[in-house]
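Engineer: Here you go, sequence then predicted model.
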Amino acid sequence: MIIGLFLLNLILALTWAALQGELNATNFVIGFLVSAAVIYVFRQMFFEPRYFSKIGLVMKLVLVFLKELIKANLSVLKIVISPRLRVRSGVIAVPTDLRNDVALTLLANMITLTPGTLTLDISPDRRYLFVHTLNLDDPEDVKREIRMAFEVYLQALSR
């Protein structure tokens, strides 16, 4: 629910910026603040009141995702431009403690959006994500990175 409200806030901010006739950072920030104020005013009627206490956590998740995105892009670039293609790809089962549908979907999408990784499936018991990775030197390291980079924040947001 918290993540849904944040996405609603972003959509409203983009809508505001588009209605102003120019999509720029100033209009987006103003739109974000206006939509946050609207959500705050109507929080008791329509929304979960904890949204504003967790917005900092959502922002931190976005920053961590951007950091991981840049790291992955540089890693894939290094593989692509190297004279010898030494790629050891593979599929691993990444354990997850997430049970919320939205959080699981976000985790799967964040993995897929990160270059060099692709979420293939979720196990029927919803305890594992099957992830294809371009460079599988250490499977445990990949699992640990996914859990520490994304799942920790998504778990906190799901509570």
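Structural biologist: Now that the structure is in, tell me what you want to look at.
Engineer: Tell me how many other residues crowd the nearest residue to residue 109 once chain neighbours are set aside.
Structural biologist: Distances taken as CB to CB, 6 or more residues apart in numbering put residue 119 closest to residue 109, at 7.5 Å, once the chain neighbours are dropped. (Glycine included, C-beta is placed from N, CA and C.) When neighbours are counted by other CB atoms under 10 Å, residue 119 registers 21.
Engineer: Repeat that for residue 57.
Structural biologist: 15.
Engineer: how much space between the residue nearest to residue 109 and residue 135?
Structural biologist: Using CB to CB, to the nearest Å, we find residue 119 at a distance of 16 Å from residue 135.
Engineer: likewise residue 94?
Structural biologist: Using CB to CB, one obtains 15 Å as the distance from residue 94 to residue 135.
Engineer: Those two - which one has more neighbours?
Structural biologist: Using other CB under 10 Å as the criterion, residue 94 and residue 135 rank with residue 94 on top: 23 against 17.
Engineer: Could you pull up the mean pLDDT of whichever strand or helix holds the more buried one?
Structural biologist: For residue 94, the host element (DSSP states H and E) is strand 90-95. Across strand 90-95, pLDDT averages out at 94.
Engineer: and the longest helix for this structure?
Structural biologist: Ranked by residue count and defined by DSSP state H, the top helix of the chain is helix 51-81.
Engineer: buried sites along that helix?
Structural biologist: Within helix 51-81, the residues that qualify as buried are 51, 54, 55, 58, 61, 64, 65, 68, 72, 76, counting by 16 or more other CB atoms under 10 Å.
Engineer: can I assume the last one is in contact with residue 133?
Structural biologist: No - with the criterion set as CB atoms under 8 Å, residue 76 and residue 133 do not qualify as a contacting pair; they are 10.9 Å apart.
Engineer: tell me, what's touching the two both at once?
Structural biologist: residue 116 (CB atoms under 8 Å, 6 or more residues apart in numbering).
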